[in-house]
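Student: Need a 3D model of the sequence below.
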Amino acid sequence: MQKRRREKSGGINVAIIGVGNCASSLIQGVHFYRNVEDDADVPGIRRPNLGGYHIRDIHFVAAFDIDKNKVGKDLAEAIFTPPNNTFKFADVPLTGVKVSRGMTHDGLGKYLSQVITKAPGSTSDIVGILKETKTDVVISYLPVGSEMATKWYVEQVLDAGCGFINCIPVFIARENYWQKRFAERGLPVIGDDIKSQVGATITHRVLTRLFREQGVKLERTYQLNFGGNTDFYNMLERERLESKKISKTNAVTSQLDYKLDPDNIHVGPSDYVPWLTDRKWCYIRMEGTTFGNVPLNLECKLEVWDSPNSAGIVIDAIRCCKLGLDRGLSGTLVAPSAAFMKSPPIQFTDDQARRKLGDFITGNDSDTLPAK
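Tutor: Next comes the predicted model:
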C-alpha cells in the first residue's frame, strides 16, 4: 500500500487502552511537564521537545477500560480510582474525555476478576470513537497475558488508521505478520513491552554488557521482581507469564554473544506484596568467571515506583510514532522500538539504540520492518 504522509499538526491525539497505574503516571506526567522549556533539564524527560513536538502537544482524546468503577468517568478521575495505587504527583484537571467500555476477551484473568467488576453493557464502537476523535496514536496498557484482547484491539487500530504503541509483552511489532499488516495500511507501530527509565531490565542489561565487555564470562544469573500493584497480582496466574518471561529474558541475553543454558538464567516476576502498592523491588544476582577461572559474583537491589518509571519513555514513544505518521513510515519503526522496548524486532546494545534513535528523530534513520 502506498504510504500516507500526514501533514504535521499542532498536537498529537492519543487514545489509551487500559486506564491503570501506567496510564495514571503518563497522564499526570504530560500535565506536570506541560510548561517546561524546550531546553530544560528535567527528571525523566530527555527531550522536552522531540522532533518539533513538545510534551504539551500530547492530547488524550479517548480511553477504554472494562472496570465498572472507571467506565463513564472523566479520565482525570478514573486514573485515581482504585485499584490504581501509584504515586500521585500532579492534580490533573477534568479532561472532558469519558472512559469508554472496552472489550474484555482474556484481559481479565483469574485474580484480577476478584478485584475488578466488569462494567455492564456492550463494548463501545472502538473504531468509531478513534475516527471521531481523530486519534493519531493508540497506546496499549492491557494486562500481561492479554493475547486475544491485544490482537482484537490491533485490528480496531488498523481499521481506524492509527499508529500503535504496544507497551505489553504480547508480541506484535516484532512479528512479521503484524509488521506486514501495518505496512499494508501505511501505519507505524512501536513495540513490544515498554522499558523503564531505570528499571530491572535496563539495569540487568547494562550489567550483563559490562561483564561481557570486561571479559567476565556470565555463568548464571537471576532477576526476581515483586510489587503490590495489579500487574503483579495479575501475574500470580503463572499461565499469563510466558510472553513476559520470554521478553525479559531475551532483553538480557541479547547483550551476550554466546548462549546461556536455560537452567542458568531466571528472569521474571516472583510475587505480589500488597503493601508495596505500585512500588517494585528487584533483586539481581550474577555469577561469573574472571581471570584464571576465578569466580566473580554481583548482587544488587533496585527499588522503584513502577508506573512513573516508564511514563517518560512512553512520552517519547508517542512523539516518535507521530513522527512516523508525519513522514509516511509504515510497519515497525526499528530505532524507536529498539530504544524503548524490551522485545523489539532487532536487539541492539543500549548505546547503539540511543544513536539510532537520535538519527530517527533528525530524519536520518527511517528503517522499518518489513524493510522497504
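Student: For S124, give me its contacts.
Tutor: F64, S100, R101, G102 (CB atoms under 8 Å, 6 or more residues apart in numbering). C-beta here means a position set from N, CA and C on the backbone, and glycine is covered the same way.
Student: any idea how far it lies from F232?
Tutor: 29 Å (CB to CB, to the nearest Å).
Student: now do Q223
Tutor: With CB to CB as the criterion, Q223 and F232 are 14 Å apart.
Student: and S343, that's in a helix?
Tutor: No. The assignment for S343 is coil, going by DSSP: H, G, I helix; E, B strand; the rest coil, so no helix is present there.
Student: per-residue confidence for it?
Tutor: Per-residue confidence at S343 stands at 95 (pLDDT).
Student: hang on, it packs against I172?
Tutor: No. At 9.8 Å, S343 does not count as touching I172 under the criterion of CB atoms under 8 Å.
Student: So for those two, which residues contact both of them?
Tutor: G191, D192.
Student: Is N69 inside a helix or a strand, and which specific one?
Tutor: Assessed by DSSP states H and E, N69 sits outside every helix and strand.
Student: what's the neighbour count on it?
Tutor: 17 (other CB atoms under 10 Å).
Student: So that it lines up with my notes, have the first residue be 17 from now on.
Tutor: Noted, 17 is the first residue going forward, which turns the last one into N85.
Student: where exactly do the helices run in the stretch 217-366 of the chain?
Tutor: 246-250, 258-269, 324-342, 350-356, 366-378 (DSSP state H, counting those that start in this stretch).
Student: deepest of the ones you listed, which one?
Tutor: Highest mean neighbour count of the helices of the stretch 217-366 of the chain: helix 350-356, a mean of 26 (counted as mean count of other CB atoms under 10 Å).
Student: Show me the contact partners of that one.
Tutor: In contact with helix 350-356 (CB under 8 Å, 6+ apart) are residues 189-190, 206-208, 210-211, 329-330, 332-333, 336-337, 340, 360-364, 368-370, 372-373, 375-376, 381, 383-385.
Student: how about CSV for the contacts of S140, with pLDDT, neighbour count and distance to G45 added?
Tutor: Shown next, in CSV, are the contacts of S140 (pLDDT from 0 to 100; neighbours: other CB atoms under 10 Å; distance: CB to CB, whole Å):
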residue, pLDDT, neighbour count, distance to G45
F80, 98, 27, 20
S116, 98, 18, 22
R117, 98, 22, 26
G118, 98, 27, 23
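Student: Leaving out chain neighbours, which residue sits closest to E93?
Tutor: Nearest non-adjacent residue to E93, counting by CB to CB, 6 or more residues apart in numbering: L110, 7.5 Å away.
Student: now T306
Tutor: L312 (4.5 Å).
Student: Likewise for W194?
Tutor: Using CB to CB, 6+ apart, the closest residue to W194 is I188 (4.7 Å).
Student: Low-confidence ranges, this protein, go.
Tutor: 17-25 (pLDDT under 70).
Student: One more pass at 50, please.
Tutor: 17-19 (pLDDT under 50).
Student: Counting by contacts, list what the helix or strand containing I145 packs against.
Tutor: According to DSSP H and E, I145 maps onto helix 142-148. Applying 3 or more CB pairs under 8 Å, 6 or more residues apart in numbering; DSSP states H and E, one finds that helix 142-148 makes contact with strand 74-81, helix 163-176.
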